[in-house]
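Engineer: Fold the following for me, if possible:
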Amino acid sequence: MNFSSLDLAPALQQAIDACGYKKMTPIQQKAIVIARRGRDVLASAQTGTGKTAAFAIPILQQMLDKPKDTVSGTPRAIILTPTRELAEQLASNIANYAQFTDISVTALYGGVKLGGQASKLKAGVDIVISTPGRLLEHMTLKNIELANVEFVVLDEADRMLDMGFISDVRQMLAQIRAVRQTLLFSATISPTVNELAHKLLKNHEEIRATQLNSAADTVQHVMYPVSEEDKIRLFKTLLAEQNWYQVLVFTSTKEQADKLMAALKNSKINAGVCHADKSQGARRRAIADFKSAKLQVLIATEVAARGIDIQGLDHVVNYNLPYLPEDYVHRIGRTGRAGQQGNAISFVSREEERTVERIERLINCKIKRISRPDFAFSSRESLLKTVRKHSKSSRTNKATQTVIRMDKTSAKAKPKTKAKAKRPNKKS
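Structural biologist: Have a look, this model is predicted:
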């Protein structure tokens, strides 16, 4: 189904054409028509399937159908998202969709001064994309008024739940009029997300564009069994052998990210790092340099898992597996986007093997194992077999020794019995 079949406003269709969009993705096909009618929506689709257009296009179309003057500090639409990186990305995409209209868009997030953002709000903005904490700050300072908001989007609702933002979200939604359209989008669905949807949405339509919590079909999954100590050497080996043009690497901790960064720097490999200890400016520069291909490698922790949108990214490496299997889906959602092929490569130490099993159950896919002789590694299962074998051998040896001891005891006991038999009867 093509976007041209939606009968959108000419200015909106012109922008979609300029973005190079022709055929709709499954989530766009299912969500745009329903949301355009003003219905509340709970939508589940993995990252990278076109969710932004799925909620932005119907909101823009409704705003164009019922145009209103832009009012200082009073937006018509609020889009809440968990991270700065994602807020920036959403603002960029939605501004592109609105580029031939009079609809204005801005992003609010922490890590920068409030003054510049306050000035934009005072001048008047139609669509505000914000992190929950920064929006609360502007509300407290009376820079923004939510009473007349017509459209609310909660993007990455599951992540906002994980990060503890939902109490803030409820506080903000209480300031918005009851007659509104609310769209809740989530990469994964859980009982808590369902509970949230039933509290915030009214007579909503539920849309599931893909298998629950699944990874994109366009991603090929492989894993390399390797010891934790050998992961840096394996990464540099694969980088050289397979000539990866650009690769996004996820670590579980800031320390692991910094250690890998130092090793790559020593090898003269252009790399950047993005984690919570880096300033907002440093993180922003690293992502921008990676997008512009100035960096071959970007190393990130979960802070960037949902905020990076790079066209044509072929490889995502899980240097360490995430603690939650759902986060694996979020990480690899950076590749295989919009129908393109992608590769998810995981380095799996002995301690992480059980996590692989949980991930495989979640994505309903067996991950291909690639064992390299130059990175000899005893898996957890092989060790368990060895332990069981030794344990069985030990039990056998103990049993044999017990039998031998019993035989010896019996052998010693027999002569005593015979001696008693030869002893003369005292009565005779």
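
Engineer: From residue 20, how far off is residue 302?
Structural biologist: 30 Å (C-beta to C-beta, to the nearest Å). To be clear about C-beta, it is placed using only N, CA and C from the backbone, and glycine gets the same treatment.

Engineer: my hunch is that residue 38 is in a helix, does that hold up?
Structural biologist: No: assigned with DSSP: H, G, I helix; E, B strand; the rest coil, residue 38 falls outside any helix and is coil.

Engineer: all strands for the stretch 51-200 of the chain, in order.
Structural biologist: Listed in chain order, the strands of the stretch 51-200 of the chain (DSSP state E, counting those that start in this stretch) span 77-80, 105-108, 127-130, 151-154, 181-186.

Engineer: Name the residues of stretch 6-26 that come out as buried.
Structural biologist: Residues of stretch 6-26 classed as buried: 6, 8-9, 11-13, 15-16, 21, 24-26 (neighbour count, 16 or more other C-beta atoms under 10 Å).

Engineer: and residue 40, what does it touch?
Structural biologist: Residue 40 sits next to 181-184, 201-205 when contact means C-beta atoms under 8 Å, 6 or more residues apart in numbering.

Engineer: Out of those residues, flag the one nearest to residue 51.
Structural biologist: Among those, residue 183 lies closest to residue 51 (C-beta to C-beta), at 10.0 Å.

Engineer: Skip the chain neighbours and tell me the closest residue to residue 157.
Structural biologist: Of all residues not flanking residue 157 in the chain, residue 186 sits nearest, at 4.4 Å (C-beta to C-beta, 6 or more residues apart in numbering).

Engineer: can you check residue 67 too?
Structural biologist: With C-beta to C-beta, 6+ apart, the residue lying closest to residue 67 is residue 102, at 8.0 Å.

Engineer: Of all residues in the protein, which one is nearest the centre?
Structural biologist: Nearest to the geometric centre of the chain sits residue 330, at 1.9 Å (C-alpha atoms, centre = their mean).

Engineer: From the contact counts, what lies against the host helix or strand of it?
Structural biologist: Using DSSP states H and E, residue 330 falls within helix 325-332. If contacts are counted by 3 or more C-beta pairs under 8 Å, 6 or more residues apart in numbering; DSSP states H and E, helix 325-332 sits against strand 315-318, strand 342-348, helix 353-363.

Engineer: OK, contacts around the closest residue to residue 3 other than its chain neighbours?
Structural biologist: Leaving aside its sequence neighbours, residue 3 sits nearest to residue 16 (C-beta to C-beta, 6+ apart; 5.1 Å). Going by C-beta under 8 Å, 6+ apart, residue 16 touches 3, 8, 53, 57, 97.

Engineer: same check, this time on residue 368
Structural biologist: Here residue 368 is in contact with 220-223 (C-beta under 8 Å, 6+ apart).

Engineer: do residue 302 as well
Structural biologist: So residue 302 contacts 250, 322, 327, 330-331 (C-beta under 8 Å, 6+ apart).

Engineer: quick one: residue 295 from residue 369, how far?
Structural biologist: 30 Å.

Engineer: Show me which of these two is the more surrounded one.
Structural biologist: Neighbours per residue, other C-beta atoms under 10 Å: of residue 295 and residue 369, the larger number sits with residue 295, 21 against 12.

Engineer: Isn't the more buried one up against residue 273?
Structural biologist: No: look at residue 295 against residue 273 with C-beta atoms under 8 Å: they stay out of range, at 9.8 Å.

Engineer: which neighbours do these two share?
Structural biologist: With C-beta under 8 Å, 6+ apart as the test, residue 295 and residue 273 both reach residue 286.

Engineer: Please name the bridge partners of residue 108.
Structural biologist: Counting by DSSP bridges, residue 108 is bridged to residue 130.

Engineer: Touching stretch 274-284 from outside, list them.
Structural biologist: So stretch 274-284 is contacted by 84-85, 88, 110-112, 254, 257, 286-287, 298-301, 303-304 (C-beta under 8 Å, 6+ apart).

Engineer: Check stretch 86-93 too.
Structural biologist: Residues contacting stretch 86-93 (C-beta under 8 Å, 6+ apart): 52-53, 56, 79, 81, 105-109, 129-131, 155-156, 284, 306-309.

Engineer: what about the closest residue to residue 72 other than its chain neighbours, how many residues close to it?
Structural biologist: Nearest residue to residue 72 in three dimensions, chain neighbours excluded: residue 124, at 4.9 Å (C-beta to C-beta, 6+ apart). Look at residue 124: counted by other C-beta under 10 Å, it has 14 neighbours.

Engineer: gap between residue 124 and residue 145?
Structural biologist: 12 Å.
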